[in-house]
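[1] This is a predicted model, with the sequence first.
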Amino acid sequence: MKILTVGGGGREHAIITALSHSKKVDKLYAAPGNGGISALAECFPVKATDIDGILELAKKLEPDYVFVAPDDPLVMGMVDKLNEAGFKTFGPKANAAILEGSKVFSKALMKKYGIPTAEYETFTDAEKAIAYIKEKNSFPAVIKCDGLALGKGVIIAENLEQAENAVKSMLLDGKFGKSGSEIVIEEYLTGPEVTVLAFTDGKTVKPMISSMDHKRALDDDIGLNTGGMGTIAPNPLYTPEKQEECMEKIFLPTVRAMEKEGRPFKGCLYFGLMLTPNGAKVIEYNCRFGDPEAQVVLPLLETDLVDIMEAIWEEKLDSLDVKWSDKSCACVVMASGGYPEKYDTGKEISGLNKEGQRENKDAFVYHAGTKLENGKFLTSGGRVLGVVSTADSLKNALDNAYSAVGEISFEKAHYRKDIGKKALKS
Ligand code: AMP
Ligand code: GLY
């Protein structure tokens, strides 16, 4: 088989690595890919959001499947366009990707079907939104813009002034463009967060191994929110009892609700959950693998990923046994100094071989923002590398990952030193 993967980050490197282990794969392509991905797949300089460009590329390469990995092209309807042109795909159509593309949609769906989530109201008018916040007078207040916003569209306001500024920046100043023309104001929830990714063909849902992301830029969960600075899997807080509760109250009801609404979700559905004192609640849905969750979940997958893609495409996921390793996996993200705000690129990365890997096989390096130029790996993004290790225990996985991180360097590299610390304590 020939498979084209759309995207060029650490998540896509993890997906392409899993595909490269498939017995069924002869040739892998990526668009745009990155420095590390180029060791496994032929890369084409077409942007992941360029629907016409990807369609043209697919017509040229004639892949058996196109794996659309990032949120924007899914929400924009890339899968619909590829299917219309006769290509098989992995990823939801636009009418299902809306689960991530519109928080107003996903909150209304959860309300309609009784899926546990934070209480909320939606607003398009700033004055009404501010009046509501004043009336509630409960802080922190959670203010979210409706659409995609590169992970920056959620503001946890500690007081009225911050809340007013957030509302104004979204509804009046257009800070997030159309994504922020409608907002959700919701109840502040507390409790540990768990990510559960799930394969679904629109009817059957098969949750993957749970994981824990570390979203803040700095140690001890301080600093700005990022796309994710590191992950571990499985998440020890996600007990078998929680798993059962989530399956019954969240995963199955969500997949059934989408089917009932005429929006069957096919692909990977991301459940961002909070384990509150009143039970597990949905913080957010994403319509794709998480990044860097994919980097710790996919290495634990023992079933051929292509078999899963085929089962989802043919809507036969119920008859496939999806197997997981009982090992642990850890990912430490090395980012450019300054990320998630301003940072430099073009810095040479040392400590990698010509495949962009470590010679020592205890750790695998997923490239997120790198490019290969004249045989050298250079930084080309905020998140640069995800250094991953799989081991018999979480502690060993973390030790291996951190030991490899210590041997890789680039100017102003920044990484968190406490990935997995909370999980080890629990
Ligand atoms: P999101 O981009 O929706 O994942 O939100 C970013 C982060 O904001 C989440 O990972 C949570 O830590 C936090 N968050 C979002 N919604 C809430 C909420 N209702 N209560 C408390 N924290 C929240
Ligand atoms: N790591 C969070 C996300 O992929 O949205």
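    That came through fine. Numbering: from 1, shown residues only. Ligands and ions are numbered 1, 2, ... in the order given.

[2] ok, now how distant is the residue nearest to residue 101 when sequence neighbours are not counted from ligand 1?
    Excluding its sequence neighbours, the residue lying closest to residue 101 (CB to CB, 6 or more residues apart in numbering) is residue 75, at 3.7 Å. C-betas here are computed from N, CA, C, even on glycine. Distance check for residue 75 against ligand 1: by CB to the nearest ligand atom, to the nearest Å, it reads 15 Å.

[3] residue contacts, residue 75?
    Taking CB atoms under 8 Å, 6 or more residues apart in numbering, we find residue 75 in contact with 94, 97, 98, 100, 101, 148, 287.

[4] burial measure for the third one, as a count.
    Okay, so that is residue 98. By the criterion of other CB atoms under 10 Å, residue 98 has 23 neighbours.

[5] Residue 105 is in contact with that one, correct?
    Yes - the pair residue 98 and residue 105 passes the contact test of CB atoms under 8 Å, sitting 5.0 Å apart.

[6] Where does the prediction get shaky in the chain?
    Scanning the chain for pLDDT under 70 picks out no residues.

[7] so where does the residue in the chain sticking out farthest from the centre fall, helix or strand?
    Relative to the C-alpha centroid of the chain, counting by CA atoms, centre = their mean, residue 135 is the outermost residue, at 35.0 Å. Element membership for residue 135, per DSSP states H and E: helix 126-136.

[8] host element of the residue nearest to residue 101?
    helix 71-76.

[9] Check the offset of that helix from the chain's centre.
    Here the centre of helix 71-76 is set off from its chain's centre by 13 Å, with CA atoms, centre = their mean, to the nearest Å.

[10] Briefly note if it comes near ligand 2.
    No - applying CB under 6 Å from any ligand atom, one finds helix 71-76 separated from ligand 2 by no less than 7.9 Å.

[11] what residues does the chain put near ligand 2?
    Counting by CB under 6 Å from any ligand atom, the chain sits next to ligand 2 at 213, 227, 228, 286, 290, 291, 293.

[12] Nearest to ligand 1 among these?
    Distances from ligand 1 to the residues of the chain next to ligand 2, taken as CB to the nearest ligand atom, are shortest for residue 213 (7.4 Å).

[13] ok, the closest one touching residue 290?
    Yes - Residue 213 lies in contact with residue 290 (CB under 8 Å); the separation is 6.7 Å.

[14] Common neighbours of the two, please.
    Shared contacts of residue 213 and residue 290, counting by CB under 8 Å, 6+ apart, come down to 195, 228, 231.

[15] Could you dump those into TSV with neighbour count added?
    Formatted as TSV, these follow (neighbours: other CB atoms under 10 Å):
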residue	neighbour count
195	25
228	24
231	28
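
[16] just checking, which of those residues belong to strands?
    Using DSSP state E, the members of the shared contacts of residue 213 and residue 290 that fall within strands are 195, 231.

[17] hang on, the earlier thing: name the next helix or strand downstream of the helix holding residue 75, please.
    helix 78-84.

[18] Report the contact partners of the closest residue to residue 165 other than its chain neighbours.
    Nearest non-adjacent residue to residue 165, counting by CB to CB, 6+ apart: residue 157, 7.8 Å away. Shown in contact with residue 157 (CB under 8 Å, 6+ apart): 139, 140, 141, 142, 143, 163, 165, 166.
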